[in-house]
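3D, please:
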Amino acid sequence: MAKITENFSLHEFKCKDGSDVPNEYLPNVIELAKNLQVLRDEINKPITINSAYRSPKYNAKVGGAKNSQHLVAKASDLRVSGVTPRELANVIERLIKEGKMKQGGIGVYKTFVHYDIYFDGKRARRW
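Numbering: from 1, shown residues only. Model prediction:
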């Protein structure tokens, strides 16, 4: 089990269909994991990754966007026991503003938060 950071291992970022993260996207996973480690250290609670890398076939199956950051291993859907998605998103937003986490997309859903490390340099995506 290849550890990426103190609390995250590569297997947590695999596609839910069982496929591994392609080698070409491993740098993205490492960058994503490092940012999630900052979040983990801040909240001091385990983070569950519901979804990270998605193969094109799996992404289509779950109705993911055609240009989803999950396809290139730059996105994760997260949940933390005892923390609401809105609270988690607020912590991520604060850490981004403090320069501790990379600017990227944040989406708040009923049971999880989407965080990705994609930023086009213009505006951060929020939903």
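
which element is Asn59 on?
helix 56-61 (DSSP states H and E).

return the alpha-carbon coordinates of that helix using CSV.
Extracted in CSV, the C-alpha atoms of helix 56-61 (Å, rounded to 0.1, in the frame of the first residue of the first chain):
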residue,chain,number,x,y,z
PRO,A,56,-13.9,7.4,-18.6
LYS,A,57,-16.3,4.4,-18.6
TYR,A,58,-17.0,4.8,-14.8
ASN,A,59,-17.4,8.5,-15.1
ALA,A,60,-20.0,8.1,-17.8
LYS,A,61,-21.8,5.4,-15.7
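
residue contacts, Ser55?
Under the criterion of C-beta atoms under 8 Å, 6 or more residues apart in numbering, the contact list for Ser55 reads Cys15, Asp17, Ser19. Just so you know, the C-beta spots here come from the backbone N, C-alpha and C atoms, and that holds for glycine as well.

which among these count as buried?
Neighbour counting by 16 or more other C-beta atoms under 10 Å classes Cys15 among the contacts of Ser55 as buried.

torsion angles phi and psi at the residue positioned nearest the centre of the chain?
Among the residues of the chain, Ser76 comes closest to the average C-alpha position under C-alpha atoms, centre = their mean, at 2.3 Å. Dihedral angles phi and psi of Ser76 (degrees, to the nearest 10) take the values phi -150, psi 140.

how about it: what's its closest non-neighbour residue?
Setting aside the residues directly before and after it, Ser76 is nearest to Ala52 in space (C-beta to C-beta, 6 or more residues apart in numbering), at 4.6 Å.
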